[in-house]
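>>> Sequence first, then the predicted structure:
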Amino acid sequence: MFAIARIKKHKRQDLRKVQGHNWREHDIKNCDPEGFFKKLKGDDNLTIEELLDYKLRELGITKIRKDATVVVELMLSASPEYFRPDNPEKWGTYDKDKLRKWVGCCNDFLKNTYGDNVIEATLHCDEATPHMHISVVPALCKTKQKRRTKEQIKNNEPGEKYEAWGLSAKDMFNRHNLVALQDNYALACEPLKIKRGIRKSKAKHKTIKSYYGFVNQQVEAIKNVLSDFELPTEVPLLGRERWYEDVKSKVSNTVNGLTIKVKELTLLANDYKRRYELAQEKLNAFVSKYKSMAAVESMINLSHRELVKAHTQIESKDKIITTQQQEIQQHEKTNKALEIENTTIMDEIAHLKIERDNRKKSAVLNNN
């Protein structure tokens, strides 16, 4: 089960279309008219554009480029296996308790990540899989510098600094922050056992528009086959056998044409199924490999910790040995000094003996 998060940047002129879809103000092809959707944040009396203007006034943002990104729409969801574990392919169904827990995790994530910059949020449970649409104002508080005065220029001083709010989707949703968005959303859903998507995956999101475009092409192809077939309204009185053969031939050609189209669609469906199964196999292999790598990495980390511990112990013992060597060297110096002192004392004793013997000899001579 994976966490799903996507963003889309909008200019002011896009907001009416965004509101129409999110608030179900016009017909949506791929949703259940009787399905459940709910506004989680916003004001029923204000449009998304009015909510945006209120937020901009609150932050004191007045200068806005005409082509500026004023709202970043965030879409949050999870794998169908989470919402309906018993039957993931049964579109439009979900476990209410799981939905409630997931919404709680999403709310915590949005509060901790974007705070008051979220001006509107809507929960959609009327499509294939539950998801949320969130409108975020990409406003950041930046430190700016005033233009220098003549006095400051003369004294080579910098201009005064001040803080101000401004729109910057480029900074708020840069590459680093987009990676952090995926990480933090998955972390918020971790208690639900929903994991982060594969890093640096080459998979691309296929839009509903492109899907319907393909389906409509196939429908038009079938209509073209059917348009060539017309049953006569009257049965001729003469030549009925020939008429019967003509009708039979037209029906046969039409059925053959439809059979070919059905086969093409079946082959295409099987191809998509095969691609899905192959992708699932690759995903499972990757997850298995990742787990093995994680186990190896854990062993390496354990070995590294043991090596660090052994190295620390060796360093400690090395310090003790160094201290002991220093003490031995000090003792050796002391011993050398004592030996020198002892030699000096012995020399003095020998000298004193010689003097004593000389005095004795002198005394004997004097007595004689």
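Nice, I can see it.
>>> so where do the strands sit in the stretch 151-300 of the chain?
For the stretch 151-300 of the chain, the strands defined by DSSP state E, counting those that start in this stretch cover 161-167.
>>> Please name the bridge partners of T122.
K39, H133 (DSSP bridges).
>>> gap between it and H131?
For T122, the distance to H131 (C-beta to C-beta, to the nearest Å) stands at 10 Å. Backbone N, C-alpha and C define where each C-beta goes, glycine included.
>>> can you check K289 too?
K289 sits 30 Å away from H131, going by C-beta to C-beta.
>>> just T334 next, same as before
From T334 to H131 the distance is 84 Å (C-beta to C-beta).
>>> More neighbours: those two, which one.
H131 (19 against 10; other C-beta atoms under 10 Å).
>>> ok, and the closest non-adjacent residue to the more buried one?
Of all residues not flanking H131 in the chain, S77 sits nearest, at 3.7 Å (C-beta to C-beta, 6 or more residues apart in numbering).
>>> The protein: helices as residue ranges?
Along the chain, counting by DSSP state H, helices occupy 15-22, 48-59, 80-83, 96-113, 150-154, 169-172, 175-188, 208-227, 240-367.
>>> most neighbours per residue, which of these?
Scoring those by mean neighbour count under mean count of other C-beta atoms under 10 Å gives helix 80-83 as the most buried, with a mean of 20.
>>> then it to PDB, C-alphas only?
These are the backbone C-alpha positions of helix 80-83, laid out as PDB (Å, rounded to 0.1, in the frame of the first residue of the first chain):
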ATOM      1  CA  PRO A  80      -7.000   1.000  -3.300                       C
ATOM      2  CA  GLU A  81      -5.700  -2.000  -1.200                       C
ATOM      3  CA  TYR A  82      -5.900   0.300   1.800                       C
ATOM      4  CA  PHE A  83      -9.500   1.500   1.400                       C
END
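>>> Figure out how far that helix is from the centre of its chain.
Taking the mean of its C-alpha atoms, helix 80-83 sits 20 Å from the chain's own mean (C-alpha atoms, centre = their mean, to the nearest Å).
>>> Repeat that for stretch 182-197.
Centre-to-centre, stretch 182-197 and its host chain are 9 Å apart (C-alpha atoms, centre = their mean).
>>> Equivalent analysis for stretch 306-316, please.
On C-alpha atoms, centre = their mean, the centre of stretch 306-316 falls 37 Å from the chain's centre.
>>> Please apply the same query to stretch 161-171.
Stretch 161-171 sits 24 Å away from the centroid of its parent chain (C-alpha atoms, centre = their mean).
>>> Can you name the residues in contact with it?
9, 59-61, 63-64, 68-70, 72, 137-146 (C-beta atoms under 8 Å, 6 or more residues apart in numbering).
>>> Mind checking which residue lies nearest the centre of this structure?
Q182 (2.1 Å; C-alpha atoms, centre = their mean).
>>> Contacts only, for that residue.
If you count contacts by C-beta under 8 Å, 6+ apart, then Q182 has A3, A5, R196, G197 around it.
>>> For those residues, give me a markdown table that also has distance to V308, neighbour count and pLDDT.
As requested, the contacts of Q182 are exported to a markdown table (distance: C-beta to C-beta, whole Å; neighbours: other C-beta atoms under 10 Å; pLDDT from 0 to 100):
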| residue | distance to V308 | neighbour count | pLDDT |
| --- | --- | --- | --- |
| A3 | 35 | 27 | 90 |
| A5 | 38 | 21 | 90 |
| R196 | 29 | 16 | 84 |
| G197 | 34 | 14 | 74 |
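>>> Tell me which two in those are the farthest apart.
Greatest spacing in the contacts of Q182, by C-beta to C-beta: A5 and R196 (9.5 Å).
>>> between the two, what contacts are shared?
Q182, Y185.
>>> Can you give me the neighbour number for the closest residue in space to D67 that isn't next to it in sequence?
In space, and not counting its chain neighbours, D67 is closest to K11: 6.4 Å by C-beta to C-beta, 6+ apart. By other C-beta under 10 Å, 13 other residues sit near K11.
>>> still on that earlier bit, looking at the contacts of stretch 161-171, which are in strands?
Among the contacts of stretch 161-171, the residues falling in strands (DSSP state E) are K9, V72, A139, L140, C141, K142, T143, K144, Q145.
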